[in-house]
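> Build me a model from this:
(3 chains)
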Amino acid sequence: MTVSPDAPHDYPPGQHPSLPPPPTSTGIVGWLRGNLFSSLFSTALTIVTVWLLWLLISNLADWMLFDAVVSADSQAACRALDSGACWAVIAARLDQFVYGFYPEPERWRPNLVFVLLIIALAPILYDRTPARKQLLWFSAAYPFIAGWLIYGGIGLTVVPTGMYGGFLLTMIIGITGIAASLPLGIALALGRQSDMIAFRILCTVFIEFARGVPLITLLFVASTMLNYFLPPGTSFDLLVRVLIMVSLFAAAYLAEAVRGGLQAIPRGQYEAASALGLSWWATTRKVTLPQALKISIPGIVNVFVGLYKDSTLVVIIGMLDPLGIARAALADAKWNGLSTETYLFVALFFFVSCFAMSRYSMWLERRLARGEAQ
Amino acid sequence: MTALAIWRQESTRFVALQIGGVLLIFALIAWLLGNVAANFAALDKTFGFGFLWELPANYDINQTLIDYSAQSTHLRAALVGLLNTFLVAAIGIVLATILGFAVGALRLSENWLVSRLASAYVEFTRNTPVLLLILLWHGIIINTLPHPRQALSIADSVFLTNRGVYVPKPLFEDGFLYVLAVFFAGLGATWLLCRRQRDTPARRLSVAVAGVVFSVALAAIAFFLAGNPIRFETPALRGFNYQGGLSLIPELVALTWALAFYTSGFIAENVRAGIMSVDCGQTDAARSLGLPRIRILRLIVLPQAMRVIVPPLTSSYLDLTKNSSLAIAIGYMDLVATLGGITLNQTGREMEAMLLVMAVYLLISLTIAAFMNWYNNRVRLPGR
Amino acid sequence: MKRILGIAAAGLLLAGHANAATLDEVRARGHLQCGINTGLVGFAAPDDKGVWRGFDVDFCRAVAAAVFGDADKVKFTNLTGKTRFTALRSREIDVLSRNTTWTFSRDVDLQLTFIGVNYYDGQGFMIPKKLGIKSAKELSGASVCIQTGTTTELNLSDYFRANKMTYQPVPVETNSEALTNYLAGRCDVYTTDASGLAATRVATDNPAAHVVLPEIISKEPLGPVVRQGDDQWADIVRWTLNALIAAEEHGVSSANVRKLATGTSNPEIARLLGKSELQGRARLGLAPDWVVKIIAQVGNYGEVFGRNLGPDTPLGIARGLNGMWTRGGLMYAPPFR
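Purely as a prediction, here's the structure:
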């Protein structure tokens, strides 16, 4: 028998107005019950997790923030002031972490390059940028402009590559590697799919070789052996050799990601294009490659993020990337022993940039999927 | 045929392009090798692998799974390095799999807090460079564990120091062989009995359990009859370090832990993608049959998910093995550190040493890739 | 990019000229490319402003002063123990000034030329004082931090085997890693050249808490290195070192070199500073006042030593074997005649 709490009359069957849901299943309380306390096991898990989190965060916060020292002259001075982390080493060496040993009067050049990078990336990454077509021309010219600004040459004093270090070096290796490996990787993927046996074999051999060896061995080759492959008396700069190796390495992984996309395209697309009389190049350029790239965006961004993180390996061949600067700082009599602080700072930098890249890729995927939704 | 005619017709164009491409590549390779020969001649270098077995290594290695001394050859040093690589890879793979599967399952938990924490874990491990994690863990380990003279001890037989973790080493005497034989005989008999119960799974399970318990009991009796043929060598502090027992150097611990930590993030994502790829209709049907959640996972979801999980899983394992080459950064003597490091430096044979190192890694990768192909072919859904 | 193409083109033209003269290369480049340590206090370490300073750094500057007349025309390449020789042989650097020990195998088998010894050193052991060890013979079973790819590694193995002792090696790549491990207690003993030990001791919080054991178990004559086969360049670098030593022997320092260059009664100093003709100097392509430039901008050997390693620095190393031959040391330059 239905009971209506407010109205004085009976309702015909099926006409009773809906009652509000029980108060314990909506709002905050409802959410808590559903997500955190849904069963006995879940409740226990929540309590244990909250307690562990509390322990971890309070201790970490004490060490990292409340007891930390931000400005001091040396580690001994830090210890005298407080017992937490000694971030003073970062403050004292911040210039080196960011620019390496780039001479101070010329530091406006890397700054300018960074600003221009944002402008150059905007039309590529975001399709609703104003004046996109014009900016794309700028993006195409950007690598040369940036190279000229950073290295010098006409009109600017030359800054040799041995002086680049810190985050500047990471960005140089990362961005150049990404830009150079993308066309190469796509070419390799197309070659591996090709009907021409010779190219297919050559591309497969190269890809399997590059994917089978660790990057550090290729970097050792770059630093010790690559000069033997050049005519006697010539030598490339170490940074150029490293960029070549890193790009080739990333191109192989990229080729596999793009190949996955190419294989995911239904055969009907190839057949329809061939029925329309499109040549191989026209088919690739207008039909298959756009679709393949769209499908393999997560894979491609994974490769890019991996390349960016792998740029830290150059510390092992003696280049001063952020890890190398951290070690050089630890070699100084004043700052020895602060390995945790310096490494955590570098970790923070990488975490922020890699996280941004992967979030961008997720946004891009959603964006492109929206375009496809009917 | 004129060049234009060759270009116009597709079949000949194909052949011409391929011949041209191959010739170009060969010309490039010939030029590169010619430069190498010229450079070597100018520097009076020779190319040959004789140094591996002719020269003594002259350096000591801190962790050797086989006999090795400073007078052994470079080849033996390389072998020690290779075994160290395999050790790190094996332990790392096991740890990473356990962690990865656990975190992947937690990510799908109904508890919001737990799944968010698992997400945060995955994001953290996937966005930090592995070299950084290795250096960080190494620094933490050697700075938090105490000096041998103030070692942490568990039950006075396991010792934790910043030189390593020391556990008692079991020394097997002759009688132990019989104990092992008895145990395996019992297991074999159990297996045979289980095969006969193929059609009744419930009875098979109870037969299996009973069989194993019985084998253990028999082995224990054999143990006592043989006069307790096992001795433990406990580590003891003598002078500077603990001697005796089995030891795990902190570099090994830091390396395996950092690699496992790093790779578990990727594995967790794979596991989550795999589990989510199983049609939810399967879970719905299982629930409507009244199966509890754990059995749904074990009997229905996981077997189907494995098809999607295993290929990226093997490539994660391969990545872990290749990342173990970063051991050189903390002083763990793996293949790259012995052959590609100290040997390369002391003998000056960069080309030979590096070629050998790359060839070994290539062999490992190709083996794992071949296994993956075989597995894919075995579990492939027909018609796809 | 242009530079690469230019060098590649020049290289193709020069293909076949394997021993291009280093002096011409350096002159064409406009600066000296010098290989130094990645960070060793006293020998090569960056200060807070990122300027590299040290004993080895000063030698590089001296060579730059000799060739260009300007000690600042030098750029540095940081090299680990592993990469130093390949960088030199592949022409990436012109001279290696990185506390490198002169040994038979390096000279002969690796085809390098050591142009002299600028620091007579020996391998020693450093240990925390509280362990109470008084001699290296008591070190059996210890964990020893050792830099890979160095002669110290080989000497350590030989010494412990000869004295029937065992040890646990803790391999590291650089000095700063070694220091980190040593201070954390990962190893009991740090072994390297005694000068390196002094530098490392200084880098600790409390140098007095660490002691260098009395045993010196090897000879480590440290000196700058150049490629084999380029005698002109080797001569320039060798005689730069000799000029530094000879200047101290004859009392020429950065304070009085300019005055002595205008006029002196000592014929050896006159030849050294270019006041009278030094037969053969033109063959090396050096200016007559090349030594004046060196001493004025860098100082003589004693000044270089005192500025970087001497008793007034935190390292506080005594001259000892590195003193002048006239005062019982081994620093002895051939005559400038």
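> OK, now which residue of chain A is nearest to chain C?
Per Cβ to the nearest Cβ, A:T234 is where chain A lies closest to chain C, at 2.9 Å. In short, each C-beta sits where N, CA and C put it, glycine included.
> before we move on, what SS does that residue have?
coil (DSSP: H, G, I helix; E, B strand; the rest coil).
> neighbours around it, how many?
19 (other Cβ atoms under 10 Å in any protein chain shown).
> in the host helix or strand of C:D24, what counts as buried?
Using DSSP states H and E, C:D24 sits within helix C:22-29. Neighbour-count burial for helix C:22-29, with 16 or more other Cβ atoms under 10 Å in any protein chain shown as criterion, is recorded at C:22-23, C:26.
> Packing partners of it?
helix C:55-68, helix C:231-249 (3 or more Cβ pairs under 8 Å, 6 or more residues apart in numbering or on different chains; DSSP states H and E).
> check contacts around C:G329.
Taking Cβ atoms under 8 Å, 6 or more residues apart in numbering or on different chains, we find C:G329 in contact with C:319-323.
> for it, phi and psi?
phi -100, psi -170 (degrees, to the nearest 10).
> One more: the one 5 residues further on?
Comment: the main-chain dihedrals of C:P334 come out as phi -60, psi 160, following degrees, to the nearest 10.
> pretty sure it is in contact with C:L241, am I right?
No. With contacts counted by Cβ atoms under 8 Å, C:P334 stays clear of C:L241, the gap being 10.7 Å.
> C:T191 in helix, strand or coil?
Three-state assignment for C:T191 (three-state DSSP): strand.
> Let me know the pLDDT of the residue positioned nearest the centre of chain B.
By Cα atoms, centre = their mean, chain B has its centre lying nearest to B:A89, at 2.6 Å. In the predicted model, B:A89 carries a pLDDT score of 94.
> element containing the nearest residue to it once chain neighbours are set aside?
Of all residues not flanking B:A89 in the chain, B:T321 sits nearest, at 4.4 Å (Cβ to Cβ, 6 or more residues apart in numbering or on different chains). Using DSSP H and E, B:T321 sits in helix B:302-323.
> And A:H9, by the same measure?
Assigned by DSSP H and E, A:H9 belongs to no helix or strand.
> go on, B:L237?
Using DSSP H and E, B:L237 falls in strand B:236-238.
> neighbouring strands for that strand, and are they parallel or not?
The strands beside strand B:236-238 in its sheet (DSSP bridges) come out as strand B:241-243 (antiparallel).
> what comes up buried for the partner strand?
Those would be B:241-242, for strand B:241-243 by 16+ other Cβ under 10 Å.
> chain center to that strand, what's the gap?
The chain centroid and the centroid of strand B:241-243 are separated by 28 Å, computed with Cα atoms, centre = their mean, to the nearest Å.
> check contacts around the nearest residue to B:L32 once chain neighbours are set aside.
Distances taken as Cβ to Cβ, 6+ apart put A:F229 closest to B:L32, at 4.7 Å, once the chain neighbours are dropped. Taking Cβ under 8 Å, 6+ apart, we find A:F229 in contact with B:32, B:35-36.
> Tell me the confidence at A:F229?
88.
> Quick check: the gap between it and B:A30.
12 Å (Cβ to Cβ, to the nearest Å).
> cool, and B:N241?
The value you get for B:N241 to B:A30, if Cβ to Cβ is used, is 55 Å.
> Considering the buried residues of helix C:22-29, which is situated nearest to chain B?
Of the buried residues of helix C:22-29, the one sitting nearest to chain B (Cβ to the nearest Cβ) turns out to be C:T22, at 13.9 Å.
> follow-up on the earlier one: next, format the contacts of C:G329 as JSON lines and append pLDDT, distance to B:D156 and neighbour count.
Putting the contacts of C:G329 into JSON lines (pLDDT from 0 to 100; distance: Cβ to Cβ, whole Å; neighbours: other Cβ atoms under 10 Å in any protein chain shown) gives the following:
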{"residue": "C:R319", "pLDDT": "89", "distance to B:D156": "53", "neighbour count": "18"}
{"residue": "C:G320", "pLDDT": "87", "distance to B:D156": "49", "neighbour count": "12"}
{"residue": "C:L321", "pLDDT": "89", "distance to B:D156": "51", "neighbour count": "16"}
{"residue": "C:N322", "pLDDT": "93", "distance to B:D156": "52", "neighbour count": "21"}
{"residue": "C:G323", "pLDDT": "93", "distance to B:D156": "56", "neighbour count": "18"}
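> Please narrow those residues to those residing in helices.
Judged by DSSP state H, these include no members of helices.
> could I get those as a markdown table with distance to B:Y375?
Formatted as a markdown table, the contacts of C:G329 follow (distance: Cβ to Cβ, whole Å):
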| residue | distance to B:Y375 |
| --- | --- |
| C:R319 | 70 |
| C:G320 | 68 |
| C:L321 | 66 |
| C:N322 | 66 |
| C:G323 | 72 |
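> In strands, which of those appear?
Judged by DSSP state E, the subset of the contacts of C:G329 located in strands is empty.
> Local confidence estimate at B:W374?
87.
> ok, the helix or strand hosting it near chain A or not?
Using DSSP H and E, B:W374 sits in helix B:350-379. Yes. Using Cβ under 8 Å from any Cβ of the partner chain, helix B:350-379 reaches chain A at B:350-351, B:354, B:357-358, B:361-362, B:364-366, B:369.
> buried stuff in that helix?
Those would be B:350-358, B:360-362, B:364-365, B:368-369, B:372, B:375, for helix B:350-379 by 16+ other Cβ under 10 Å.
> how far off helix B:302-323 does that helix point, in degrees?
Taking axes from the mean of the first three to the mean of the last three Cα atoms, to 10 degrees, one finds helix B:350-379 and helix B:302-323 inclined to each other by 180 degrees.
> chain center to helix B:350-379, what's the gap?
Chain-centre distance of helix B:350-379: 13 Å, with Cα atoms, centre = their mean.
> What parts of the stretch 101-250 of chain C come near chain B?
Neighbours of chain B within the stretch 101-250 of chain C, by Cβ under 8 Å from any Cβ: C:109-111, C:131, C:139-143, C:148-149, C:153-154, C:156-157, C:161, C:167-173, C:177, C:180-181, C:184-186, C:188.
> Out of those, which sit inside helices?
Reading helices off these with DSSP H, I get C:153-154, C:156-157, C:161, C:177, C:180-181, C:184.
> which among these end up buried?
By neighbour count, with 16+ other Cβ under 10 Å, those hold C:153-154, C:156-157, C:177, C:180-181, C:184 as buried.
> just those that are near chain A?
When Cβ under 8 Å from any Cβ is applied, the members of these adjacent to chain A are C:177, C:180.
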